[in-house]
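Student: can't give you the sequence, but here's the structure:
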């Protein structure tokens, strides 16, 4: 059975507007409803992936270049699955965690709006429609970052909002230029026009606008200033959503979709991606090592890990553009996309453990913590699993994707890039050893003597993500699963058939 | 020429965002950027002395819509885009202003050089 694609947007959107009607007294009912919505999305996304669906949906039955269309292909499916997993876990976590805030239904509503926006971005086949969904997700995330309304949160929210709005304006200017040059807004038709008529200066200028705009949304290094403020200031489940999927769906996904499927990758564009990736990796990780605020440290690691994703995809792009063996390009892109998925799982797990520690102890400064290993054994286990995964310790999921990126870099003869990848991984390991040492080992400060382990839904959601961290290596190693989930996404980027497939569809 | 004026307006907005120290002025800079982009989109579809691209029910049959009609009419698509963009910018502007008000309540100032609790 083909799932109607607007359901992925309509379901969270409808839930987002029903939930605030319940108000404070029936907040448990609102919570239940929001959880049902995210669970349904997860079931739908898994169903779509396992049955290998693809296709387009014409909104209002207008034929393709005239109306708006939604497109489901391998890459969109992979992103949908990632968004659904993380939003399911974060929503489960916020059942208990968000009780400390007032106005929980408003939080749930904004959360679901953000999910609707992200699902829309990854499904949209129309560049202006993509912008609209991107703004829905962005505006709700600005509000969520400032949700606590304390000094730091408001400051971070304002900073994020200014940079986010500037990024949106760059993207809109780019869209205007592309429309002026090609006369269409449909991604597939823009791509066909570019293939037939070639690139001109206006389109290159639009590409620069897209790289700046989506680079700001993805917090790649020259554009990263907002992320270390915004992600730690949000409530923990939102930090998990922002670092886990928002920067990927709004930034990296949109960027690689436009570069690979619309413009077609060339050697200079590939090198721009590699440069952005390497800068993000190295600068992000060295800024992270010196941090003493747990969530801030995690936020800097997000920048660094996004660098891996962009580096993997960029190496693949350069190999493709040079006309070398596409198998190695597939390997590099597979590494990048698999790392994108892995990062969303282990980084959201890390942010959830930070929320669990913060709610138990009231602080997230590493120097004020210590000796929590006996007080919070479950959180400790989860945090260790996620730390091992992010540092690339086998057999956790982060190891496999980093291995793929290193292998692809070596095969493409970029030994320097391979060395940097391994070095950054080592520094990540050092940084997370510091986290383990200062939070869970050492002496227990006196005022933390009556700390209690988190309970209920918080543990469940962390447990689910930790199991994924251990088990996601199977996505790569077990061939049927790899062919079903990862390979179609890689094929979308490697074989440049996006436009011809959509145009030839009835 | 007109396009470069539009771009100049965009740069003025960007300059305002980057240089000004007052939160409200930064918000105004973003609004100027939005106006520049909206103006650019409108000008993309504009045609000097163009007619409104409205097609009535019987116009195809009576031959009103022909090649000269499509050449004379302005492009309606950018106008639809600008309407959407204005609505979006209204939403984000409302949020930005309310964050500014809340920040003023907390810090007692709009000066971003004094609103610096986050470091590192």
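Tutor: It's in. Model, not experiment: these values are computed from the prediction. Numbers count the residues shown, from 1 in each chain, chains lettered A, B, ... in the order given.
Student: excluding its backbone neighbours, what's nearest residue A:167?
Tutor: Leaving out its chain neighbours, the residue that sits closest to residue A:167 by CB to CB, 6 or more residues apart in numbering or on different chains is residue A:216, at 3.5 Å. The way it works is simple: take the backbone N, C-alpha and C, and place the C-beta from them, glycine included.
Student: assign that neighbour to helix, strand or coil.
Tutor: Following DSSP: H, G, I helix; E, B strand; the rest coil, we place residue A:216 in the helix state.
Student: for the worst-scoring helix or strand of chain B on mean pLDDT, what is the distance to the chain centroid?
Tutor: Across the helices and strands of chain B, the lowest-confidence element by mean pLDDT, DSSP states H and E is helix B:59-62, at a mean of 74. Mean-position distance between helix B:59-62 and its chain equals 36 Å (CA atoms, centre = their mean, to the nearest Å).
Student: for the longest helix seen in chain B, packing partners?
Tutor: Longest helix in chain B by number of residues, with DSSP state H as the criterion: helix B:77-107. On a contact count with 3 or more CB pairs under 8 Å, 6 or more residues apart in numbering or on different chains; DSSP states H and E, helix B:77-107 meets helix A:127-145, helix A:151-182, helix B:23-45.
Student: out of those, nearest to residue A:254?
Tutor: Closest of the helices and strands packed on helix B:77-107 to residue A:254 is helix A:127-145, at 6.6 Å (criterion: CB to CB).
Student: so where's the stretch 201-350 of chain A uncertain?
Tutor: By pLDDT under 70, the stretch 201-350 of chain A has no low-scoring segment.
Student: around chain B, which positions in it sit nearby?
Tutor: Taking CB under 8 Å from any CB of the partner chain, the part of the stretch 201-350 of chain A that reaches chain B is made up of A:228-229, A:233, A:287, A:290-291, A:293, A:296.
Student: buried only: go through those for me.
Tutor: Neighbour-count burial within these applies to A:228-229, A:233, A:287, A:291, A:293, A:296; the criterion is 16 or more other CB atoms under 10 Å in any protein chain shown.
Student: circling back to that earlier point, tell me the mean pLDDT over the longest helix of chain B?
Tutor: For helix B:77-107, mean pLDDT is 92.
Student: how far does that helix sit from the chain's center?
Tutor: For helix B:77-107, the distance to the chain centre is 11 Å (CA atoms, centre = their mean).
Student: list the buried residues of it.
Tutor: Across helix B:77-107, burial judged by 16+ other CB under 10 Å covers B:77-79, B:81-82, B:85, B:88-89, B:92-93, B:95-96, B:99-100, B:102-103, B:106-107.
Student: what does stretch A:52-64 give?
Tutor: Quick answer for stretch A:52-64 (16+ other CB under 10 Å): A:54, A:56-58, A:64.
Student: in strands, which of those fall?
Tutor: A:56-58 (DSSP state E).
Student: what does the helix or strand harbouring residue B:4 rub up against?
Tutor: Per DSSP states H and E: residue B:4 is located in helix B:2-19. Applying CB atoms under 8 Å, 6 or more residues apart in numbering or on different chains, the contact partners of helix B:2-19 are A:162, A:166, A:169, A:173, B:25-26, B:28-37, B:39-40, B:43.
Student: near chain B, which residues of chain A?
Tutor: Within chain A, the positions adjacent to chain B are A:128, A:132, A:135, A:138-139, A:142-143, A:146, A:149-152, A:154-159, A:161-162, A:165-166, A:168-169, A:172-173, A:175-176, A:179-180, A:185, A:228-229, A:233, A:287, A:290-291, A:293, A:296 by CB under 8 Å from any CB.
Student: residues in contact with the spatially closest residue to residue A:303 that is not a sequence neighbour?
Tutor: Excluding the flanking residues, the one nearest residue A:303 by CB to CB, 6+ apart is residue A:284, at 3.4 Å. Neighbouring residues of residue A:284 by CB under 8 Å, 6+ apart: A:221, A:224, A:300-307.
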